[in-house]
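K.L.:
test case, fold it:
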Amino acid sequence: MSQHPKWSSSQAVPSKRYIACPLCDSKVLFITLNDHLDKCPGRKDSNKTTTSSHTQESKPKASLKSLLSGATAHPNNKKRKPTPEEEVIDLDEVPTPVVKKPTLDMEINNLQKTAHLPLSEKMRPKTLREYVGQQHILSQENGTLSKYIKLGTIPSMILWGPPGVGKTSLARLLTKGASADYGDANKYWMVETGATKANTQELRGVFEKSKREFQLTKRRTVLFIDEIHRFNKGQQDLLLPHLENGDVILIGATTENPSFQLNNALISRCQVFVLEKLSVNEMCIVLYRAVALLNRCRKLIWNVPENPLQLSRDVLEYIVDVAVGDTRRALNILEMIEVSTRGRVDTEKELTLNIIKDIIKKNSSSVLNTYYDTKGDNHYDTISAFHKAVRGSDANAALYYLGRMIQGGEDPLYIARRMIRMASEDIGIRDNSLLPLAVAAHDTVMKLGLPEADMALAQCAVALARAPKSVEVYRAWNKVKAMLGENKYSLASSEIPMHIRNAPTRLMEELGYSKGYKYNPDFVDGKVKQEYFPEEVLKKCPNRNELKFLTGKHLGKKVDPDLKNNANI
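P.N.:
Model (predicted):
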């Protein structure tokens, strides 16, 4: 008997295969075997009798397994290799059919379907397990969002974070995960839109559709709005009643500070989650996955199997540094490197750091720019850091933040105006030459512009940082404004003393204006006994020292304990 092949777990029993009947040697379809055996002429209980002159030998009883395996095959049958259609199937050895595993052809087909997409889109995580980063809100132990997902619910929220940290991907996975965990794939469905295309009419259509969807299928609508900070006040107000009634669940993504860009009423109806920039290790994990995907594409659909992309950890960390924390930007750089080296023929398979640096510099003139948003939080944070570095007399840090702002495209006149302010606020009367220097730097920017005026800005920044500091005038001025704002001791409402009023006309002189005023230059050293505060203020103020706004002290008296501890080491 020929040896028959075993069926793999991924194969099902073929229903159109022919097998030989062990009784009459006729070929029958496998699926009709039982019917054929009931009517087979070779059965013992057949009504037909044998007329042969030879004594009929009794045949042993055959089990179904033995019949199908050919153990009692017809004696006239000669041993021959069965054709595929005649292969005998052992029913006892056929396993339960299972779902087919992805084959190589299926993988190639999937890669070809997504070949036109950018690498950043191909690398979007399919499940929350694949999502990298934001463990402070997604960890199983203390992550707030993970607890919402376990409960199968999604709150209205604002996802605030820099570009490329996964705001859109997280919104999609939250919608998918909250439904999947409870076995109800239709619990939520998402409508995606953006501030650039979502007008009032479109939003109203979404609200109406969400109501009908819930009535028909009980599915709740998750409305994802990208760049929600670009919505005007009217568009934001339009969302409020529908959030209040539960018609939609809002997930807004923004790179701007919500407290500055969104209405307080909208913020009060949403939870704000801050998404952090991915760490170097997290970014490298994403890049490792992307390299693996690119190598599969090279091998299976781009026909370059002998030239896999090989990048060291140092190269990946350099890409992360260039991308300044933007995952999308890092993947775009990696994709550029892959395209540039796809046809490369070299004895060294691994690309060195110097080769990568040359590729980036040759293929992109702007990729090395720092991440800087001239209208976002980065704008305010960087100018604040620059001001504090000048105040702290750290000239190196001041130059660093100045460089970040100029390299990022900040308005140089804005920087110059802030330095004029620093000259008065932080240096003040300790060095009165710094205020004219700052004004001169502003004039230089006005007349020359960038890049020629960058040295004037740098010169002024270093001079301000190295100058001695005084906040005596700054603090005195703040005290005056505060007391006037409160009208303390009637400082804001009291009458100006008559003797120090101006008397430009005869009538005003007759009314007593300027009467009794002592002109200081007429006296020795200009010293006279004369009161300049209003009489009403002096009567109401119990302590004259409260009116001494200037203390004569340039700086404070506190001692930094960290500085003291370092001195003792």
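K.L.:
so where's the stretch 301-450 of the chain shaky on pLDDT?
P.N.:
345-349, 364-373, 375-376 (pLDDT under 70).
K.L.:
rerun that using 90 as the cut-off
P.N.:
301-312, 321-326, 337-381, 407-409 (pLDDT under 90).
K.L.:
do a quick rundown of the helices in it.
P.N.:
Shown for the stretch 301-450 of the chain, the helices assigned by DSSP state H, counting those that start in this stretch span residues 313-323, 327-341, 353-363, 377-391, 395-407, 412-422, 434-448.
K.L.:
looking at these, which is nearest to residue 162?
P.N.:
Smallest distance to residue 162 across those (CB to CB): 8.0 Å, for helix 377-391. From N, CA and C alone the C-beta is placed, and that goes for glycine too.
K.L.:
relative orientation of the closest one and helix 395-407 in degrees?
P.N.:
With axes from the mean of the first three to the mean of the last three CA atoms, to 10 degrees defining the directions, helix 377-391 sits at 150 degrees from helix 395-407.
K.L.:
hang on, the earlier thing: dump the helices of the stretch 301-450 of the chain into JSON lines; add mean neighbour count and distance to residue 467 as well.
P.N.:
JSON lines is the format used below for the helices of the stretch 301-450 of the chain (neighbours: other CB atoms under 10 Å; distance: least, CB to CB, whole Å):
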{"stretch": "helix 313-323", "mean neighbour count": "18", "distance to residue 467": "34"}
{"stretch": "helix 327-341", "mean neighbour count": "20", "distance to residue 467": "39"}
{"stretch": "helix 353-363", "mean neighbour count": "14", "distance to residue 467": "39"}
{"stretch": "helix 377-391", "mean neighbour count": "18", "distance to residue 467": "9"}
{"stretch": "helix 395-407", "mean neighbour count": "18", "distance to residue 467": "10"}
{"stretch": "helix 412-422", "mean neighbour count": "19", "distance to residue 467": "10"}
{"stretch": "helix 434-448", "mean neighbour count": "17", "distance to residue 467": "5"}
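K.L.:
select, out of those helices, the one closest to residue 536.
P.N.:
Here helix 412-422 is closest among these (CB to CB), at 34.4 Å.
K.L.:
what's in contact with the closest one?
P.N.:
383, 386-387, 390-391, 402, 405-406, 435, 438-439, 441-442, 445-446, 449-450, 453-454, 457, 460-461, 464 (CB atoms under 8 Å, 6 or more residues apart in numbering).
K.L.:
stretch 477-485 now?
P.N.:
489, 491, 492, 549.
K.L.:
pull the most distant pair out of these.
P.N.:
Maximum pairwise distance among those (CB to CB): 14.8 Å, between 492 and 549.
K.L.:
so what pLDDT did residue 553 get?
P.N.:
Looking at residue 553, its pLDDT stands at 88.
K.L.:
so what's the residue count around it?
P.N.:
Taking other CB atoms under 10 Å as the criterion, the count of residues near residue 553 is 11.
K.L.:
not counting its neighbours along the chain, what's nearest it?
P.N.:
Residue nearest to residue 553 in three dimensions, not counting chain neighbours: residue 472, with 6.3 Å by CB to CB, 6 or more residues apart in numbering.
K.L.:
now for that neighbour: which residues touch it?
P.N.:
428, 429, 550, 551, 552, 553, 554.
K.L.:
give me the pLDDT value at it.
P.N.:
93.
K.L.:
distance of it from residue 481?
P.N.:
15 Å (CB to CB, to the nearest Å).
K.L.:
please apply the same query to residue 323.
P.N.:
Residue 323 sits 45 Å away from residue 481, going by CB to CB.
K.L.:
and residue 515, by the same measure?
P.N.:
To residue 481, residue 515 is 31 Å away according to CB to CB.
K.L.:
got it, and residue 432?
P.N.:
Taken as CB to CB, the span from residue 432 to residue 481 is 22 Å.
K.L.:
count the neighbours of residue 473 for me.
P.N.:
Using other CB under 10 Å: residue 473 sits among 17 other residues.
K.L.:
equivalent analysis for residue 285, please.
P.N.:
For residue 285, using other CB under 10 Å, the count is 15.
K.L.:
repeat for the one 4 residues further on
P.N.:
The criterion is other CB under 10 Å. On that basis, residue 289 has 15 neighbouring residues.
K.L.:
let me see the contact set for it.
P.N.:
Taking CB under 8 Å, 6+ apart, we find residue 289 in contact with residue 123.
K.L.:
surely it is within a helix?
P.N.:
Yes. Assessed by DSSP: H, G, I helix; E, B strand; the rest coil, residue 289 belongs to a helix.
K.L.:
what's the pLDDT at it?
P.N.:
93.
K.L.:
let's number from 52 now, not from 1
P.N.:
New numbering, starting at 52: the last item is residue 340.
K.L.:
without its sequence neighbours, what residue ends up closest to residue 467?
P.N.:
Nearest non-adjacent residue to residue 467, counting by CB to CB, 6+ apart: residue 493, 3.9 Å away.
K.L.:
nope, residue 334 is what I meant
P.N.:
Closest to residue 334 by CB to CB, 6+ apart is residue 371, at 4.4 Å.
K.L.:
I'd say that neighbour and residue 335 touch.
P.N.:
Yes. Contact criterion CB atoms under 8 Å: residue 371 and residue 335 qualify, at 6.7 Å.
K.L.:
so where's the stretch 52-201 of the chain uncertain?
P.N.:
Along the stretch 52-201 of the chain, segments meeting pLDDT under 90 span 52-168, 171, 177-181, 184-201.
K.L.:
may I have stretch 156-172 as PDB, with CA atoms only?
P.N.:
Only the C-alpha atoms of stretch 156-172 are listed here, as PDB (Å, rounded to 0.1, in the frame of the first residue of the first chain):
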ATOM      1  CA  ASP A 156       1.800  35.800  -0.200                       C
ATOM      2  CA  MET A 157      -0.600  37.500   2.300                       C
ATOM      3  CA  GLU A 158       2.300  39.500   3.800                       C
ATOM      4  CA  ILE A 159       3.500  40.600   0.400                       C
ATOM      5  CA  ASN A 160      -0.100  41.600  -0.500                       C
ATOM      6  CA  ASN A 161      -0.500  43.600   2.700                       C
ATOM      7  CA  LEU A 162       2.900  45.400   2.200                       C
ATOM      8  CA  GLN A 163       1.900  46.300  -1.400                       C
ATOM      9  CA  LYS A 164      -1.400  47.800  -0.200                       C
ATOM     10  CA  THR A 165       0.400  50.200   2.100                       C
ATOM     11  CA  ALA A 166       3.400  50.800  -0.100                       C
ATOM     12  CA  HIS A 167       2.200  54.300  -1.100                       C
ATOM     13  CA  LEU A 168       1.800  55.500   2.500                       C
ATOM     14  CA  PRO A 169       4.400  57.500   4.400                       C
ATOM     15  CA  LEU A 170       6.400  55.500   6.900                       C
ATOM     16  CA  SER A 171       4.900  57.400   9.800                       C
ATOM     17  CA  GLU A 172       1.400  56.200   8.700                       C
END
